[in-house]
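Participant: Need coordinates for the below:
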Amino acid sequence: MSALSDLILKKEIDTVEYAIIHLSSYEVYNLAASDAAEKYLRLRTHIAELEEDREKIIDNHISELADLHVKITEIEYDYLEYKALTQWQPIETAPTKPEGDYLGFQCGEVFKMYWNYFRDGWVDCCSEVFSEPSHWMPLPKPPEAL
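Facilitator: Numbering: from 1, shown residues only. So this is what the prediction gives:
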């Protein structure tokens, strides 16, 4: 086995390079081998540039996908937050702060209520009667002026 064959087997030189080297050893093919070597070198350089571009494109797409994943996660979070604020929640999850009106639900009735800090409980805004609602939700936004 020749030294060139050893290089080919070790993947340090490919078969095209081997053929060019082999042809150049014959005087008759020397010019053709030189021309082939030059074209092959340009081709390998171009392939290397394309590989580099491919890697940049892949990196850009990965970055764009990561950004999209973050945006999707934010949208999902916003949706879940919106859903939680527009659906009836168990009264145990209601905020108990002195200010703020909410909708309450008790025995099939919906009413506006607030947390009475001094009485430590919910009060119906219309009747000022202490109530024990089972569910709550924030008040919807008022309509915009027409």
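Participant: Could you break the chain into its assigned domains?
Facilitator: Using automatic domain parsing, the domain parsing of the chain gives 3-85, 89-138.
Participant: Any chance of JSON lines for these, columns mean pLDDT?
Facilitator: Below are the domains of the chain laid out as JSON lines (pLDDT from 0 to 100):
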{"stretch": "domain 3-85", "mean pLDDT": "78"}
{"stretch": "domain 89-138", "mean pLDDT": "85"}
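Participant: Of these, flag the one that's most buried.
Facilitator: Stretch with highest mean neighbour count among these: domain 89-138 (a mean of 14; mean count of other Cβ atoms under 10 Å). All C-beta spots, glycine's among them, are computed from the backbone N, C-alpha and C.
Participant: So for Ala145, which of the domains of the chain sits nearest?
Facilitator: For the domains of the chain, the distance to Ala145 is smallest for domain 89-138, at 20.4 Å, taking Cβ to Cβ.
Participant: would CSV of the domains of the chain with distance to Glu144 be doable?
Facilitator: CSV is the format used below for the domains of the chain (distance: least, Cβ to Cβ, whole Å):
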stretch, distance to Glu144
domain 3-85, 18
domain 89-138, 18
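Participant: Please name every helix or strand in contact with the lengthiest helix in the chain.
Facilitator: For the chain, the longest helix by residue count, based on DSSP state H, is helix 30-85. Applying 3 or more Cβ pairs under 8 Å, 6 or more residues apart in numbering; DSSP states H and E, we find helix 30-85 packed against helix 15-24.
Participant: relative orientation of the helix it packs on and helix 30-85 in degrees?
Facilitator: Put simply, helix 15-24 runs at 170 degrees to helix 30-85, going by axes from the mean of the first three to the mean of the last three Cα atoms, to 10 degrees.
Participant: list the helices and strands helix 15-24 packs on?
Facilitator: Using 3+ Cβ pairs under 8 Å, 6+ apart: helix 15-24 touches helix 3-9, helix 30-85.
Participant: Return it as CSV; C-alpha atoms alone will do.
Facilitator: The C-alpha trace of helix 15-24 is given here as CSV (Å, rounded to 0.1, in the frame of the first residue of the first chain):
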residue,chain,number,x,y,z
THR,A,15,-10.0,10.2,-3.6
VAL,A,16,-10.2,13.2,-5.9
GLU,A,17,-7.0,14.6,-4.5
TYR,A,18,-5.4,11.2,-4.9
ALA,A,19,-6.5,11.1,-8.5
ILE,A,20,-5.1,14.6,-9.2
ILE,A,21,-1.8,13.7,-7.5
HIS,A,22,-1.6,10.4,-9.4
LEU,A,23,-2.3,12.1,-12.7
SER,A,24,0.3,14.8,-12.1
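Participant: Appreciated, that's everything.
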